[in-house]
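Peer 1: Here's a sequence, model it:
(one chain, ligands or ions: 3)
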Amino acid sequence: MSVRNPVSQLTKRACTNSSIRCNARPLLSSRSMATVVPPVTQDSTSRRGPTAMVFMNMGGPSTTDEVGDFLSRLFADGDLIPLGRFQNYLGPLISKRRTPKIQKQYSAIGGGSPIRKWSEHQCSEMCKILDHISPETAPHKPYVAFRYAAPLTEDMYQRLFDDGFGKGRGGRAVAFTQYPQYSCSTTGSSLNELWKWRQRLETKRAGPDVDEAGAIQWSVIDRWPTHPGLVEAFAQNIEAKLASYPPERRDKVVILYSAHSLPMDVVNRGDPYPAEVAATVHAVQQRLGFKNPHRLVWQSQVGPKAWLGAQTSDTVENFVKRGQHDLLLVPIAFTSDHIETLYELDQEVIHEAQQLGSNGVTRADSLNGNPTFIQGLADLAKAHLDEGAVCSKQLGLRCPGCTSERCLESKKFFAQDQTLI
Ligand SMILES: C=CC1=C(C)c2cc3[nH]c(cc4nc(cc5[nH]c(cc1n2)c(C)c5CCC(=O)O)C(CCC(=O)O)=C4C)c(C)c3C=C
Ligand code: FES
Ligand SMILES: [Fe+2]
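Peer 2: Ligands and ions are numbered 1, 2, ... in the order given. Prediction:
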């Protein structure tokens, strides 16, 4: 279920029953009451395009020299690591102390995170497919907005303006989270950042007299934990890895779905992420016919707080010690490789299992450039564009324990006040 986008609804209605090419434009935005007509160099065959498709994710340092800046942005983020009034003091201190250790990890995986390469590839390939399957919203223009590394949200916004969005009558942009499962510390943080820059840049451009005329019309794909394309892509990668085990051992391999953990205070605040990760795991297991036993385990705890468990590394150690040597690790909460897969799983967890005498611990490939996955992204985006939703129903519901003004204001904007609780 999702919250309808009044803009697309108007467009859709205007276009219904028309055999001639429909140039009808959305009429009114509930947010700005400004006329909303896509601006810029419009392709002659398109009706509602161009459409900006913005992939949001955390990002990672492309080189070891970028690790310091990456960590300092990460520890400055109160939505991810809330340090209250000590944020500006403790954040830089912790990130500086942590930099050499994390630099070594990025060196060990080839000198940087591949997330930018994969995000740009996934987004531009998805846009090419969308141009075919959704000509009425074409051309689809690919953008990436990272939370802690280049290209940052403000860089993406500048590119939008350079490409003509935000001029004339605004244009349409879709903020598409690349975290399949929603957490307030990940997608929530990216949306809060997008809302912040939107306030700063678009309001300033529009000016006090013009109000919000020219504002970009944003809609959000905020979660997709059980999308069939995602589930199918995971299942195919798991089947490919299971095929590497001898047939007599294959069905006894324990599948360990591994997701980045959350601090228990975030879980107890009512964050949706653990339930949504579990939903992905169940859907993938269902697609696989429950042929193998499985568990959902949690990795990458940072700092001294209590985090959601069982921990991936402890689980592997315990199972191997109990004689269960065949374990298939599946990174289930991230769509491309990063230090958690390439370093923590491949170089730490699997190496430790080998030290304990097991050569049966393997890892399923990350989704990266998987064509099934990219087709799934396009199908999901097309459904969103067709449906004319501004976001899912879930986005308007704040965590039961949320006390953040930032969450409230950003959700008011993205959910358009419709179901905000
Ligand atoms: C769905 C994925 C992720 C969730 C949920 C998440 C929550 C979360 N993370 C931290 C702290 C850190 N995360 C760090 C790196 C990192 N985190 C994720 C994903 C999720 N984090 C990824 C993919 C990465 C690596 C990026 C890459 O390699 O490209 C780091 C930095 C590394 C380190 O210092 O260990 C920190 C710190 C918290 C506190 C948190 C939940 C509140
Ligand atoms: S922390 Fe979840 S909505 Fe604010
Ligand atoms: Fe993290």
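Peer 1: right, is stretch 143-162 up against ligand 1?
Peer 2: No. Under the criterion of C-beta under 6 Å from any ligand atom, stretch 143-162 makes no contact with ligand 1; the nearest approach is 7.9 Å. Every residue, glycine included, has its C-beta placed from N, CA and C.
Peer 1: Flag every buried residue along that stretch.
Peer 2: By neighbour count on 16 or more other C-beta atoms under 10 Å, the buried set for stretch 143-162 is 143-149, 151-153, 156-157, 159-160.
Peer 1: and what of stretch 321-340?
Peer 2: Going by neighbour count (16+ other C-beta under 10 Å), the buried part of stretch 321-340 is 324-340.
Peer 1: Does ligand 1 have contacts with stretch 230-250?
Peer 2: No. Using C-beta under 6 Å from any ligand atom, stretch 230-250 never reaches ligand 1; the gap is at least 13.5 Å.
Peer 1: Strands of the chain, residue ranges please.
Peer 2: Taking DSSP state E as the test, the strands found in the chain are 2-4, 51-57, 140-146, 172-177, 217-221, 254-260, 294-299, 327-331, 361-363, 389-392.
Peer 1: Point out the other helices and strands that the fifth one packs with.
Peer 2: If contacts are counted by 3 or more C-beta pairs under 8 Å, 6 or more residues apart in numbering; DSSP states H and E, strand 217-221 sits against strand 172-177, helix 371-387, strand 389-392, helix 405-414.
Peer 1: okay, the ones you listed in JSON lines with distance to ligand 1 and mean pLDDT next?
Peer 2: Converted to JSON lines, the helices and strands packed on strand 217-221 look like this (distance: least, C-beta to the nearest ligand atom, whole Å; pLDDT from 0 to 100):
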{"stretch": "strand 172-177", "distance to ligand 1": "10", "mean pLDDT": "97"}
{"stretch": "helix 371-387", "distance to ligand 1": "16", "mean pLDDT": "97"}
{"stretch": "strand 389-392", "distance to ligand 1": "17", "mean pLDDT": "94"}
{"stretch": "helix 405-414", "distance to ligand 1": "14", "mean pLDDT": "92"}
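Peer 1: would JSON lines of these with distance to ligand 2 and mean neighbour count be doable?
Peer 2: JSON lines is the format used below for the helices and strands packed on strand 217-221 (distance: least, C-beta to the nearest ligand atom, whole Å; neighbours: other C-beta atoms under 10 Å):
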{"stretch": "strand 172-177", "distance to ligand 2": "14", "mean neighbour count": "24"}
{"stretch": "helix 371-387", "distance to ligand 2": "21", "mean neighbour count": "19"}
{"stretch": "strand 389-392", "distance to ligand 2": "13", "mean neighbour count": "24"}
{"stretch": "helix 405-414", "distance to ligand 2": "3", "mean neighbour count": "18"}
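Peer 1: Out of these, flag the one nearest residue 275.
Peer 2: Shortest distance between residue 275 and the helices and strands packed on strand 217-221, using C-beta to C-beta, is found for strand 389-392: 14.0 Å.
Peer 1: Residue 243 is nearest to which of the helices and strands packed on strand 217-221?
Peer 2: helix 371-387 (16.4 Å).
Peer 1: Mind listing the residues bridging to residue 298?
Peer 2: When bridges are called by DSSP bridges, residue 298 pairs up with residue 259, residue 311.
Peer 1: Report the contact partners of it.
Peer 2: Residue 298 makes contact with 258-262, 307-312, according to C-beta atoms under 8 Å, 6 or more residues apart in numbering.
Peer 1: Which one (most neighbours) among the residues you listed?
Peer 2: The most neighbours of any of these, using other C-beta atoms under 10 Å, belong to residue 258, which has 31 neighbours.
Peer 1: Spatially nearest residue to that residue (excluding sequence neighbours)?
Peer 2: Closest residue to residue 258 apart from its sequence neighbours, by C-beta to C-beta, 6 or more residues apart in numbering: residue 312 at 4.5 Å.
Peer 1: got a pLDDT number for the one you found?
Peer 2: Each residue has a pLDDT score; the one for residue 312 is 97.
Peer 1: for residue 128, same thing?
Peer 2: Residue 128 is assigned a predicted lDDT (pLDDT) of 98.
Peer 1: what's the spacing between it and ligand 1?
Peer 2: Residue 128 is 25 Å from ligand 1, where distance means C-beta to the nearest ligand atom, to the nearest Å.
Peer 1: I'd say residue 119 and residue 58 touch.
Peer 2: No. Judged on C-beta atoms under 8 Å, residue 119 makes no contact with residue 58 at a distance of 10.2 Å.
Peer 1: Show me the common contact partners of those two, please.
Peer 2: What both residue 119 and residue 58 touch, as defined by C-beta under 8 Å, 6+ apart, is the set residue 146.
Peer 1: Which ones, among the contacts of residue 298, also lie beside ligand 1?
Peer 2: By C-beta under 6 Å from any ligand atom, the members of these lying near ligand 1 are 260, 262.
Peer 1: If we only consider the contacts of residue 298, which is nearest to ligand 1?
Peer 2: Among the contacts of residue 298, residue 260 lies closest to ligand 1 (C-beta to the nearest ligand atom), at 3.5 Å.
Peer 1: Excluding chain neighbours, what is closest to that closest one?
Peer 2: Of all residues not flanking residue 260 in the chain, residue 300 sits nearest, at 4.9 Å (C-beta to C-beta, 6+ apart).
Peer 1: Can you name the residues that contact whichever residue of the stretch 301-421 of the chain sits closest to ligand 1?
Peer 2: Using C-beta to the nearest ligand atom, the closest approach of the stretch 301-421 of the chain to ligand 1 is made by residue 338 at 3.3 Å. By C-beta under 8 Å, 6+ apart, the contact set of residue 338 is 60, 113-115.
Peer 1: do that again at 6 Å, thanks
Peer 2: When contacts are counted by C-beta atoms under 6 Å, 6 or more residues apart in numbering, residue 338 touches 60, 113, 115.
Peer 1: near ligand 1, which of these show up?
Peer 2: Restricting the contacts of residue 338 to contacts with ligand 1 (C-beta under 6 Å from any ligand atom) yields 60, 113, 115.
Peer 1: Pull up the gap between the last one and ligand 2, please.
Peer 2: Distance, residue 115 to ligand 2, by C-beta to the nearest ligand atom: 24 Å.
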